[in-house]
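*Asks:* 3D, please:
(2 chains)
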Amino acid sequence: MSLQCLIIILIQVMTMQLLIAENVKGQNLKATKISAKVKSRTLEDIFKVIEKNTDYVFVFPTDVKDLDDTFSFHFKNESMENVLLRLGRVARLKFKVVNYTITAAFDENLMLKPEKTPVTRNVAIIVSGTVTDTETSMAIPGVNVLVKGTTIGTSTDADGKFSLEVPDESAVLLFSFIGYQTKEVPVGNQTSITVSLDADITSLQEVVVVGYGTQKKSDLTGSVGTVKSEEIQERQLPSVSQAIAGRIAGVAVSVNSGRPGGQSNVRIRGFSSISTSNNPLYVVDGVIMPVGTQTDGSYSLNNAIDNINPADIASIEVLKDASSTAIYGARGANGVIMITTKRGSSTGGKVTYDMQLSVPTIGPNRVEMLNAREFLATEQLGWDNLKVYDPAGWNPTGGPNGTGSHSSGRQDPQDARAALTNIGTYSLFDADGNPLYDTDWFKESTQNKLSQNHQLSVTGGNKESSYGIYLGFRDDNGLLLNSFLKRYSGRFVMDSQVKPWLKIGGTLGYNNQQENIVDFGTGGLNSVRMITEALPILPVRYPNGAYSHNKNYSASIEGGRNPVDQLLNNSYDLLSRTTLGNMYTNIRLAEGLELRSTIGVNILERERKRYDGRPALQTPTYVNSANERGTARVRSDRETFWSFENYLTYNKRFADIHSLTAMIGTSLQETNIYFFQASSRNFISDFFQTNNIGGAQDFAVDSPPVSSGKARFAFNSYFGRVNYGLLDKYLLTLTGRMDGSSKFGEANKYAFFPSAALAWRISEEPFLKGNNVISNLKLRTSFGQTGNSEISTYSALPTLRVVTGVINNARVLGVATNRLGNSDLKWEKTAQSDIGLELGLFNNRIMIEADVYYRKTTDMLLSAPLPVTSGYETITRNVGSMENKGLEFTLNTENFTSNDFTWRTTFNISINRNKVLKLANPAPIFGVGNPNFTNQTGVIMEGQPVGSFWGLVRLGTWGTDEAAEAAKFGVNTYRGTGKPLLPGDVKYLDVNGDYAINDLDRMIIGNGNPKSFGSFINNLTYKSFDLTLDIQYSYGNDVLNMTKHSGEDRTGLANSYSSVLGAWTPENQNTSIAAVRDSKAGYVSNVDTHWVEDGSFIRGRNVVLGYTLSSAFTERIHLSRARVYVSAQNFFLSTKFSGNDPEVSTYTNPFAQGQTFFDYPKPTIYMFGVSVGL
Amino acid sequence: MTLTIKNISKLLLCGVFVAGAGCSDFLREEDPSNIAPETFFTVPEDAEAAVYGIYENLRFHGDGTGIFSANFQMLDALSGTAETETGQNSDLNNLYGFQHTGDNLHLSQWWRQLYDGIANANLAIEKIPGIPGLQDAALQKWVGHARFMRAFHYFWLVRLWGDVPLITEPIYTWNDPAVNAARSSAEEVYATIEADLLAAEAAGFPMTDASGLASQVAVKSLLAKVYLTMAGQPLNKGTEYYQKAAAKAKEVIDYANANPAKVALFPSYDDLHNPAKENTLEHIFMIQYAAGIANANYQTYFLPNNTNITASGEVGTTVPTAGFLASYEAGDKRTEEKGFYFKEYFLGGGTGAPTTLNRFYVFKHFDVIANGAPPPGLAGTGNSGLNYPLIRYADVLLVYAEAQNESGGLNVDAYNALKVIRDRANLVTPDIGTFSQSSFREAVWRERWHELSYEGITWFDMIRLGKVYDVESDTFVDFAGASLNGALLSEKHLLLPLPAADFRNNPNLKPNNPGW
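*Replies:* Down below sits the predicted model:
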């Protein structure tokens, strides 16, 4: 046997076959076995040896022949196929076999280029094996297996198996995987190796999604919070914002309505802006979500993000500091919420099914109204007090019974009651004057209707290609009658490693959502208001089926349809169809260098179909006026968004000391919005609803009856980032983005937003490494600039508008000034600095993360008031500044861990303080971001926080002993003209002592933003049981409860809150509630301190008790897992607030948090759920 | 491989190229739903549109001002003849009680809306002459309308605030110094008003115009009112201007006498709020409304609070005071049921059983079509299109009577001007010989109060004359020191305080009006 070679040959007949290095096919090649040991021979030599010992003949071009590289290998009874495969891989050759002729050529598909200088390559030992978890002995898929000191490597498959060629026996294998300690195994003689990896808690190898990439959590230099899909699943809620509420410090989510899909406000680290949006930027699977129209007048509608099915989300990352948000430049100022959706499976087919059934019930707190008897008594008291509080209008003998009358024509209630006794169907009183009905309108307006939610996912694939199909159906029935949200959603995802250097994938989602917005019309006599104001003495329906109406009792009642009538006979259908698609291509251009190209599209089509049906009759003989015979309004919006982004990422480690990731990219985005609307009124029947809008008598509901509009805006951006790590201890991140927006003036389209951050992993220092107590310690700091561009389109352009003129009683077109141009308009900038500390103790059983930050917004975009003598009220310009400073603290602890019992706790607290530093003009700004109620409700003022309430100070009520002082206010008082102040009237602080209460006496009287807020969440497991207890708290948020205006300040026009039972009487003078009197006597209602309530609260947000079926059982029914659970959301609420819920705002204006005028009450939801997988 | 990389690089470069080279287009913006000033004023019709845009502005009178109130109510509230049935609007309450400040929403909206109209007028005046192809007659006419409207707007401004910024050219950029304009003297403002009106008078308007645009009669009537005001406080130009006022008013009266089918007093008070009579005869100039196109939202504020007698809804924040109603002479037809006032209507939204209210409410502006006609009538539409009067012939007659009495002395024409109005009210007018200049003067004033009530005129008479009508004693007392519905008036109340926001934001407005 030759020293060089020993070949045993078996020859078979060959047919034509095509071979490439990765794939050698054919029986005969498989059957031909070779044993050989070769050391440092050229290819030509090796081919010769094979030719000599088999019937195969090699043909190869000169460049192969002349290759000076040498190869070594050791084949033991290997098939010819394997020999060619292994040889080809090492030598970058591909082979074509025709009969016995093998043609060899260099394979262009293999990335390696021929080396300039000859090298020696080993075609060597194949080692295979399995990698498992030390603790569970379960196989770990995806473990990186690397030959130390080389680039030779592979990763384990679904079963934890791997197979790898190593050059020789001296090779050492490195096994590494996220969350495990890296292990080194020398190969030696072994060809089969079983490795078990130890979990690594100290390294925190969690990967988080950041803008245009991912990062290990340990390498983060910025402040990023994460919510995982399991946490989202704990609350089965329709919207993403509700799912993240309370999960991340610094992220304030105010869920301001109990309506399914109802509005919530998301604020990250306070406010950055006065007149532009304070909403964060949403990025889904790397694609920026468009910010389109979000309101209908003062009512908020869904936007693109609300149409994402929370069940489809794999994780949510919230980027908070400038280091992480600056990569989104001009749109990062309000923070960025990154959503990663669930993908296909890399480990074979999986099916999961989740189902919940739930029922809403009246929430833990509810407002209490007067019942029938209390209402009647209050009304009577009001009548009796009429002569006290308006003696001038009182005629002692004017009444029909000689009981006196009032100039307003208000009658003695006894008369009205008598007229409604014994009149048959419409009787409200029995012969003794007792009410026939005592209706609890809240109860009558609610439903406990079963809601259902089904989520089905089918995923499949392998390491190379995977797909997923996600289907969802939810049918949420709200607490109020007829209130619902229905959503059908489907999503298909695909990812494929087409070539070793090419990966493509994409998502196509479609979402069809229908809601009935039953509480539309804040400020008017809408359904939620009438729950309080409908008279308890009225039935929902009379015996003949007719709905009651407040006017049925008396013409002097303010009016308003009963809430059940409204809920059932009015509708506001909002249909949203969202198509969300994105496609990416990932190309590995070279080792460590990747290009990612993403195309994203979001098409939101929204239909609004609003119909107000005929109201109940005000009197039995009432004829509905033309404007009460049905009103239909339709509006259709289409918002089309696309983006095209390309970026290159380069990743390199040098000498185990330096690690570098650099990224550079471009982005194009465009949004087009178009709307069309029409309305009509006076139908022959309520039958048509909005489906025959042409079949109406009257097309003059709105002027003009049809309208349309279009808007477009676009962004063009360039961005880059460098992450540098030294010794994995000292980390540096630099980012920059050059952003261009169409919304700005010609000269200022572009701006640059830089950031820098440093982190020091102190626990990696020798003096802490291996410390028993401190397992992780990191200090990080960042500084950077971000921007805000969410102003209206075309704010830089001067325009005229078309107005409706009237000549000859017909419409003529006029033009009028609309907007002054501002070619200097530019970005609003927010500079933010952040210092954060991450501390892990006792093997990270206790983890603390704390951040302090300071944000300062300058060049604040403001619809700044102009002297209106110019003919213009405002100009959008960059002026003013504002600051936010705050503290965030998160504590995660594993209180107890054993095989049977675990207990983990999360506690977080956020504190933010906001202050307006400078405004455009000396004058405080009213009317921006606040509704105007009886007066201005809020103010933006230098030196004060935004969200401040503006009003009078109610000192209480004037006492009998203060009659003389009250009289000094004269006859024209805040109670009305000719209405002197009397004991029992509201007493205000007269700041300047001029005995007049006007704007000079108004001041800041509260703030809707909490001083601090957070969550306290406990997760416990015991054997197969799991329990989650999620508590939310908020401290120091005021509520401006404007419902007191109609619910408490005035009586007799409608029903009132039961608090009026504690109103002023000569015997009960220590009260803030004025003496009950008929409204015609003159009463007082102003935004004042009595309306401002402490809205601090502790809420039982969610409690979940689950049971996971034993695997023995699930296997028997061919399931991989099964869990059943029950939960209760909003199960308790501890607060001093007198309304339904202190977490409330019924206005969309950015600073109207806490300002409420009759809200959709938040229900307690009881749920049963099943989750199975197979 | 190389090929792939090349292609990718190409693609990427291409993307950058598109973004780079095409960026000026990609980021360029053009508002597709609104017109830019520089692309407008190109065809003759644009002149009309610019003028209609100014006329549209007049509708601000009926626009809402917080809860349960509209702008027009400011003038009625200050007149002392009205009160509110519901005290919910504290800004309105403060006006009623003369406790208003510069923050008052009503006065700041008046200020803003008047200057809004002036900005539109300035734009039209500057741009219309440049419209290619516009015939000279049309040019004169449309610029004339713009100048008439500008004059009217300044007339309100100068009476309410005295010295005000006088802006006569359009502002195109926010850093134009005119944005922070200083105040011009009332004298200068009146000079501009007079010049504008004289130009409008010569602009070739028809004598009357039932379409709702200003007519020559309207221009002359307004000129007469302006001269009368200039004759009184605060300019006190006296006889010369009384004379001018009388002369202008006389032109209108002469025209009316010669063309009774064109300009005349309505025979019936019903015609004052009859939609079919809008812009004709007595209604010389009105704010144009049309149901469904531009609804007259002022309607509900005059109606009795929560009585369910109309299809419009009833707010009741401008209702006559008992004292003022009692000040009418006995037998005055205007105080009869459904003359100027009413207390009887129909329940159930205007179509049900008759009901008698406990007091009188304003009927002058009552829109039967919107509110509902009595049974067996029609249910109301709930949409009012009733115009709101700004200049009535009755006003012109009384302007003449007063101005003539002050300048040339009482004559038959002046006497008759008063008498026709009293005749219509079924009142006996004493013989001309029984009047002295001063008794005639007060008779005319009294008539103005009673005839022109709730039309936004009385307050201007009060400050022009420096007098308050004391309804108890039926006499006129000096403004300063007078008591009006319990409020004590002083000199400072003759002018409104400057609106707080502008006063704080524009340093050139300082100082504020005396006493504020």
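
*Asks:* pLDDT score for the spatially most central residue of chain A?
*Replies:* For chain A, A:Ser241 is the residue whose C-alpha lies nearest the centre (Cα atoms, centre = their mean; 3.0 Å). At A:Ser241, the predicted lDDT confidence score is 81.

*Asks:* Any stretches of the stretch 401-516 of chain B with poor pLDDT?
*Replies:* Across the stretch 401-516 of chain B, not a single residue meets the criterion (pLDDT under 70).

*Asks:* In terms of secondary structure, what does the lengthiest helix in chain B contact?
*Replies:* Taking DSSP state H as the assignment, the helix of chain B that covers the most residues is helix B:136-161. For helix B:136-161, the packing partners by 3 or more Cβ pairs under 8 Å, 6 or more residues apart in numbering or on different chains; DSSP states H and E come out as helix B:45-57, helix B:105-127, helix B:186-201, helix B:216-231, helix B:458-465. C-betas here are computed from N, CA, C, even on glycine.

*Asks:* What does A:Phe926 show for phi and psi?
*Replies:* Dihedral pair for A:Phe926: phi -110, psi 160, per degrees, to the nearest 10.

*Asks:* how about the strands in the stretch 401-516 of chain B?
*Replies:* Residue ranges of the strands in the stretch 401-516 of chain B, as given by DSSP state E, counting those that start in this stretch, are B:467-470, B:475-478, B:483-484, B:487-488.

*Asks:* out of those strands, which comes closest to chain A?
*Replies:* Comparison of the strands of the stretch 401-516 of chain B against chain A by Cβ to the nearest Cβ identifies strand B:487-488 as nearest, at 5.2 Å.

*Asks:* Next, the residues that contact the closest one from outside, please.
*Replies:* Defining contact as Cβ atoms under 8 Å, 6 or more residues apart in numbering or on different chains, one finds that strand B:487-488 is touched by A:Gly970, A:Asn972, B:Tyr96, B:Gly97, B:Phe98, B:Gln99, B:Gly481, B:Ala482.

*Asks:* ok, now which ones touch residue 389?
*Replies:* I went with chain A, as the question did not name one. A:Tyr389 neighbours (Cβ under 8 Å, 6+ apart): A:Lys979, A:Leu982, A:Gly984, A:Asp985, A:Ala1075, A:Arg1077, A:Ala1081, A:Gly1082.

*Asks:* Not quite, go with chain B.
*Replies:* When the contact criterion is Cβ under 8 Å, 6+ apart, the partners of B:Pro389 are B:Leu272, B:His283, B:Phe285, B:Met286, B:Ile287, B:Glu455.

*Asks:* just checking, B:Gly350 touches B:Ile369?
*Replies:* No. Counting by Cβ atoms under 8 Å, B:Ile369 is not a contact partner of B:Gly350; they are 10.6 Å apart.

*Asks:* Which neighbours do these two have in common?
*Replies:* If you check B:Gly350 and B:Ile369 against Cβ under 8 Å, 6+ apart, the residues they both contact are B:Gly380.

*Asks:* Who has more neighbours out of these two?
*Replies:* Neighbours of B:Gly350 and B:Ile369, each counted by other Cβ atoms under 10 Å in any protein chain shown, are more numerous for B:Gly350; the result is 25 against 20.

*Asks:* How many residues are close by the residue nearest to the more buried one when sequence neighbours are not counted?
*Replies:* Setting aside the residues directly before and after it, B:Gly350 is nearest to B:Gly372 in space (Cβ to Cβ, 6 or more residues apart in numbering or on different chains), at 2.5 Å. The burial metric for B:Gly372, expressed as a neighbour count using other Cβ under 10 Å, is 28.

*Asks:* Give me the pLDDT value at B:Gly372.
*Replies:* So, for B:Gly372, pLDDT stands at 85.

*Asks:* ok now do it, which residues does it touch?
*Replies:* Taking Cβ under 8 Å, 6+ apart as the contact definition, B:Gly372 lies against A:Ser625, B:Thr310, B:Ala311, B:Phe346, B:Gly349, B:Gly350, B:Thr351, B:Leu378, B:Ala379, B:Gly380.

*Asks:* so which of the contacts of A:Tyr389 comes closest to chain B?
*Replies:* For chain B, the closest of the contacts of A:Tyr389 turns out to be A:Gly1082, at 5.3 Å, with distances computed as Cβ to the nearest Cβ.
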